[in-house]
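Asker: Here is a sequence together with a model predicted from it:
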Amino acid sequence: MPPRDPRRADRVGEAVREEVAAFLARDAKDPRLTGLVTVTAVEMARDLRHATVYVSVMGDEAAKASTVEALAGMAPHLRGRVGRALRLQFAPELTFRLDESVQRAARIETLLAQIKRDEPAPDGDA
């Protein structure tokens, strides 16, 4: 049987992303959160009981590791908060994953700029 509303998981995922981002911006006080954390995306399971939260962390590898560890420690608290805020029948279990796409995009931009810099200037006689 197909789901009643196939986009519900996307809508709930976006609401979870906003709630987690608001918590991190206002209420998170864990000293292990050393880097700048951005919630980039949330993938919800079809049954809405599990959510994978992707975060981008600015900082070195140690800061990233301690931040992901802190987020994993906060997951049970955040689960209750998200469930209450969104009035879901089942609060989704939250799993945090590091999103490296921002760093990869910056690396590609750097490489493209380097290629452009090293490229010989066109003659203009073509």
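Answerer: All right, it came through fine.
Asker: Could you use CA atoms for every contact and neighbour count after this?
Answerer: Fine.
Asker: This protein: strands as residue ranges?
Answerer: Counting by DSSP state E, one finds strands in the chain at the ranges 36-44, 50-58, 93-98.
Asker: can you pull out the helices in this protein?
Answerer: Using DSSP state H, the helices of the chain run over 8-26, 61-86, 101-118.
Asker: any idea of the angle the second one forms with strand 36-44?
Answerer: In terms of direction (axes from the mean of the first three to the mean of the last three CA atoms, to 10 degrees), helix 61-86 departs from strand 36-44 by 50 degrees.
Asker: orientation of helix 61-86 relative to helix 8-26 in degrees?
Answerer: Using the same axes, to 10 degrees: helix 61-86 against helix 8-26 is 120 degrees.
Asker: begin at 763 from here
Answerer: Got it, the first residue is 763 from now on, which makes the last one we talked about helix 823-848.
Asker: Centre of the chain to helix 823-848, how far?
Answerer: The chain centroid and the centroid of helix 823-848 are separated by 11 Å under CA atoms, centre = their mean, to the nearest Å.
Asker: now swap in stretch 779-790 and tell me
Answerer: Per CA atoms, centre = their mean, the centroid offset for stretch 779-790 relative to its chain is 12 Å.
Asker: Which residues does the helix-or-strand element of the chain with minimal mean pLDDT contact?
Answerer: When the helices and strands of the chain are scored by mean pLDDT, DSSP states H and E, helix 863-880 comes last with a mean of 88. With CA atoms under 8 Å, 6 or more residues apart in numbering as the test, helix 863-880 has contacts from Ser818.
Asker: Surely Ala832 and Lys791 touch.
Answerer: No. In this structure, Ala832 is not within contact of Lys791 by CA atoms under 8 Å, at 10.0 Å.
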